[in-house]
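Asker: fold the following and give me the result.
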Amino acid sequence: MQAPTIGGVTVPHGDGSTIVRVRRGASLTDFADKINANPASLVTVLFHLGEMATATQSLDEDTFKLLGVELGYDVQVVSPEDEERELLESFNIDLEAEAAAEEDQDLEPRPPVVTVMGHVDHGKTKLLDAIRSEHVAEDEAGGITQHIGAYQVVSSHEGEKRAITFIDTPGHEAFTAMRARGASVTDIAILVVAADDGVMPQTVEALNHAQAAGVPIVVAVNKIDKPEANPAKIRQQLTEYNLIAEEYGGDTMFVDVSAKQGTNIDGLLEAVLLTADAALDLRANPNKDARGVAIEAHLDKGRGPVATVLVQSGTLHVGDAIVAGNGHGRVRAMLDEHGSNVEQAPPSRPVLVLGLTSVPGAGDTFLVAPDDRTARQIAERREAAARAASLAKRRKRISLEDLNEALAAGKVDTLNLILKGDVSGSVEALEDALLKIDVGDEVDLRIIHRGVGAITQNDVNLATVDDAIIIGFNVRPAERVAELADREGVDMRFYSVIYQAIDDVESALKGMLKPEYEEVQLGTAEVREIFRSSKFGNVAGSLVRSGEIKRGVRARIVRDGTVVGEAEVAGLRRFKDDVTEVREGFECGINLGSFNDLQIEDVIETFEMREKPRA
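Answerer: All right, here's what the predicted structure looks like:
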């Protein structure tokens, strides 16, 4: 097929079925390489389609689809999973082939990974405290767990010692994204329900996440020590959500516990192990390079980036070269939940890893690379791909027609935010919650940067350029940064509880909305007589039928149910006196300024526009 000419340039053309695969955030140059075209010619084609982009700019999926339709190509954007697989295969790391090649004799039993879920204040953290006999909640702002931790406990089951790994997910509903992610690395979910409170919205939310992840659920009915506790009611309520207790003929284990008094904790651990043995085949190959997931990560002042990782297969050793998200490094040291050094971490073992170059995101995968150089290259490629995808996502697509409409309608107000937090999971959850705030189409919320650690000069400089507000979650500004922010007029807000930040941003967004006004009727008057005045024009002798008539307000003249004009009440008289207002039942003379088309029996309605409070 001959290459067509579009806008004076010749571009190679497909037949409509030619598939072109591009990665997320690819540029026109990348696309041009795939179809042997000149990038400059594609810029021209896009311009004629009403899109403006440079040859090196990251483009979103919709723009590529539009270009593909025009040029006769079926453009497919590679999914993040495929992108990751192709990236690793380019370094001769094939995880799927590796897993398929494992024989049964390579696999050994591993401990179950358990996530504790449930409604806020139903006692999740206290239950974990009771399980591992430690106290975390006292350090938490407002008693709410702010980020994920992972712990391993040992329990006796049928005469042998068995380990169980617990992941502690955040309690507040704004951490939905992290809770869902917590379920994705989980073998079993413990659903905590307070016996005195019953099934609450977040209970159902947590339950949905666990069921969507396809994990078995053990229900811990907590607070049975309270006088108003009703465990039977909990069993009955949860039958509506397909969780039927064993005593009712179902297959879900319900365990009555009291985290406060430490009652029946062993029974709960036994239920977890019984469920694991009955429903799951928990085995992994420990004799290979480690693979797993970063559950949590933060920037430690003395130790640099540290990440809590959960090994899912293989064994992680001190000295291994690892890649976690966009970070890489050599494992300098590994610590368990008690702060003790460990030399190796087998499957299902959570450890704190030191030695990474940057902070990975909560839920990022990690793997052991053959050497430092490969680890660095994988991390750099991941970071470049993530940056390109982020730029494509942030690019505001606007055609030439839309541009004219946007200019005619007036610019959309935008609130720019920079988020900094103590741990990546909290930042991610805060971003997720903020982007869900809905105040209509008039105001736009953009998060232009997010990161882990103290607020730096770079953050303030970025906020200065983009008129952004900096939100610090459990972090403070670095040295001299507060002075710089004050000098530049940058607004910095600090929070330790997530929903306070959400409330403040929502209020700010509502404050940016243009005020809405509603009409409020003040009074009506019926014209009984019309007096001609050489000085004032026509004066309507009227009787006030309802409300009150005020001088200076807007008036509408209604004749036989039809509005015949609008004017302003220029003058108001009672007998020979000028007055400012006349109430219902009294007679008065109303002068409507230049409006003189009045007739007897006309109705004068007065009104004013009042600002409507936002819901």
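Asker: use CA for all of it now, contacts and neighbours both
Answerer: Fine.
Asker: biggest strand in the protein, by residue count?
Answerer: Using DSSP state E to define each element, the chain has its longest strand at strand 516-533.
Asker: just how off-centre is that strand within its chain?
Answerer: Between the centre of strand 516-533 and the centre of its chain there are 51 Å (CA atoms, centre = their mean, to the nearest Å).
Asker: show me what that strand is packed against.
Answerer: For strand 516-533, the elements it packs on are strand 537-550, strand 603-612, judged by 3 or more CA pairs under 8 Å, 6 or more residues apart in numbering; DSSP states H and E.
Asker: looking at the first one now, give me its mean pLDDT.
Answerer: It refers to strand 537-550. If you average the pLDDT over strand 537-550, you get 92.
Asker: could you give the angle of that strand to strand 603-612?
Answerer: If you take axes from the mean of the first three to the mean of the last three CA atoms, to 10 degrees, strand 537-550 sits at 50 degrees to strand 603-612.
Asker: which element is Q377 on?
Answerer: In the assignment (DSSP states H and E), Q377 maps to helix 372-394.
Asker: oh, that last question was meant for V272, not what I typed.
Answerer: V272 belongs to helix 265-279 when assigned by DSSP H and E.
Asker: right, and the helix or strand after that helix?
Answerer: Counting by DSSP H and E, what follows helix 265-279 is strand 283-284.
Asker: partners of that following strand, with directions?
Answerer: strand 108-109 (antiparallel) (DSSP bridges).
Asker: so how far is the following helix or strand past the strand it pairs with off the chain centroid?
Answerer: For strand 108-109, the succeeding helix or strand toward the C-terminus, using DSSP H and E, is strand 113-118. On the basis of CA atoms, centre = their mean, strand 113-118 sits 21 Å off its chain's mean C-alpha point.
Asker: now stretch 258-270
Answerer: From the chain centre to the centre of stretch 258-270 is a distance of 35 Å (CA atoms, centre = their mean).
Asker: cool, and stretch 596-613?
Answerer: Between the centre of stretch 596-613 and the centre of its chain there are 48 Å (CA atoms, centre = their mean).
Asker: list the buried residues for it?
Answerer: Neighbour-count burial for stretch 596-613 flags 598, 602-607 (criterion: 16 or more other CA atoms under 10 Å).
Asker: quick one: mean pLDDT over it.
Answerer: On average, stretch 596-613 scores 87.
Asker: just the residues contacting that stretch, thanks.
Answerer: Stretch 596-613 is touched from outside by 515-530, 537-538, 540, 549-550, 553-560, with contacts defined as CA atoms under 8 Å, 6 or more residues apart in numbering.
Asker: only whichever of the residues you listed are buried, select them in ChimeraX.
Answerer: In ChimeraX, this line selects whichever of the contacts of stretch 596-613 come out buried by 16+ other CA under 10 Å:
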select :521,522,523,524,525,526,527,528,530,538,540,549,550,554,555,556,557,558,559
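Asker: what ranges does the stretch 151-300 of the chain have for its strands?
Answerer: Ranges of strands within the stretch 151-300 of the chain are 160-168, 188-194, 217-222, 253-256, 283-284, 291-300, based on DSSP state E, counting those that start in this stretch.
Asker: E108: which of the helices and strands packed on strand 516-533 is closest?
Answerer: strand 603-612 (66.5 Å; CA to CA).
Asker: what strands line up against that closest one, and which way round?
Answerer: Strand 603-612 is paired, per DSSP bridges, with strand 516-533 (antiparallel), strand 554-559 (antiparallel).
Asker: residues touching the longest one, excluding its own?
Answerer: Put plainly, it is strand 516-533. 538-549, 598-614.
Asker: how about the last one?
Answerer: The contact list for strand 554-559 (CA under 8 Å, 6+ apart) reads 563-569, 601-608.
Asker: ok, these vs L66, which is closest?
Answerer: E608 (49.7 Å).
Asker: please tell me how far that closest one sits from I502.
Answerer: For E608, the distance to I502 equals 35 Å [CA to CA, to the nearest Å].
Asker: now do F166
Answerer: Relative to I502, and taking CA to CA, F166 is found at 29 Å.
Asker: so those two - more neighbours on which side?
Answerer: F166 (26 against 20; other CA atoms under 10 Å).
Asker: ok, that one touching Q152?
Answerer: Yes - in this structure F166 lies within contact range of Q152 using CA atoms under 8 Å: 6.0 Å.
Asker: if we look at the helix holding Q377, which residues are touching it?
Answerer: With CA under 8 Å, 6+ apart as the test, helix 372-394 has contacts from 24-26, 58-60, 84, 87-88, 91, 321-330, 368-369.
Asker: stretch 63-72: how far from the chain's middle?
Answerer: Distance of stretch 63-72 from its chain centroid, counting by CA atoms, centre = their mean, is 31 Å.
Asker: for it, give the mean pLDDT please.
Answerer: Stretch 63-72 comes out with an average pLDDT of 85.
Asker: got the buried residues for it?
Answerer: 64-68, 70-72.
Asker: again with stretch 266-276
Answerer: Buried, per 16+ other CA under 10 Å, within stretch 266-276: 268-273, 275-276.
Asker: CA-only coordinates of that stretch in PDB, if you can.
Answerer: Only the C-alpha atoms of stretch 266-276 are listed here, as PDB (Å, rounded to 0.1, in the frame of the first residue of the first chain):
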ATOM      1  CA  ASP A 266      -4.000 -19.700  70.900                       C
ATOM      2  CA  GLY A 267      -7.300 -20.800  69.600                       C
ATOM      3  CA  LEU A 268      -7.100 -18.100  66.900                       C
ATOM      4  CA  LEU A 269      -3.600 -19.100  65.800                       C
ATOM      5  CA  GLU A 270      -4.800 -22.800  65.700                       C
ATOM      6  CA  ALA A 271      -7.700 -21.800  63.500                       C
ATOM      7  CA  VAL A 272      -5.300 -20.000  61.100                       C
ATOM      8  CA  LEU A 273      -3.000 -23.100  60.900                       C
ATOM      9  CA  LEU A 274      -6.000 -25.500  60.500                       C
ATOM     10  CA  THR A 275      -7.400 -23.300  57.700                       C
ATOM     11  CA  ALA A 276      -3.900 -23.200  56.000                       C
END
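Asker: chain center to it: distance?
Answerer: Counting by CA atoms, centre = their mean, stretch 266-276 is centred 34 Å from the centre of its parent chain.
Asker: any idea which helix or strand of this structure has the worst average confidence?
Answerer: Of all helical and strand segments in the chain, the minimum by mean pLDDT, DSSP states H and E falls on helix 400-409, at a mean of 43.
Asker: identify the residue nearest the geometric centre of this structure.
Answerer: D432 (0.8 Å; CA atoms, centre = their mean).
Asker: for the closest residue to K550 other than its chain neighbours, give its distance to A454.
Answerer: Closest residue in space to K550, ignoring its immediate chain neighbours: E581 at 4.3 Å, by CA to CA, 6 or more residues apart in numbering. To A454, E581 is 61 Å away according to CA to CA.
Asker: neighbour count: those two, which is higher?
Answerer: Between E581 and A454, counted using other CA under 10 Å, the more crowded position is A454 (21 against 15).
Asker: quick one, what contacts that one?
Answerer: Counting by CA under 8 Å, 6+ apart, the residues that A454 touches are 420-422, 475-478.
Asker: one more time with 6 Å
Answerer: Contacts for A454 (CA atoms under 6 Å, 6 or more residues apart in numbering) come out as 475-478.
Asker: how about D74?
Answerer: Going by CA under 6 Å, 6+ apart, D74 touches 17-19, 68.
Asker: cheers, nothing more for now.
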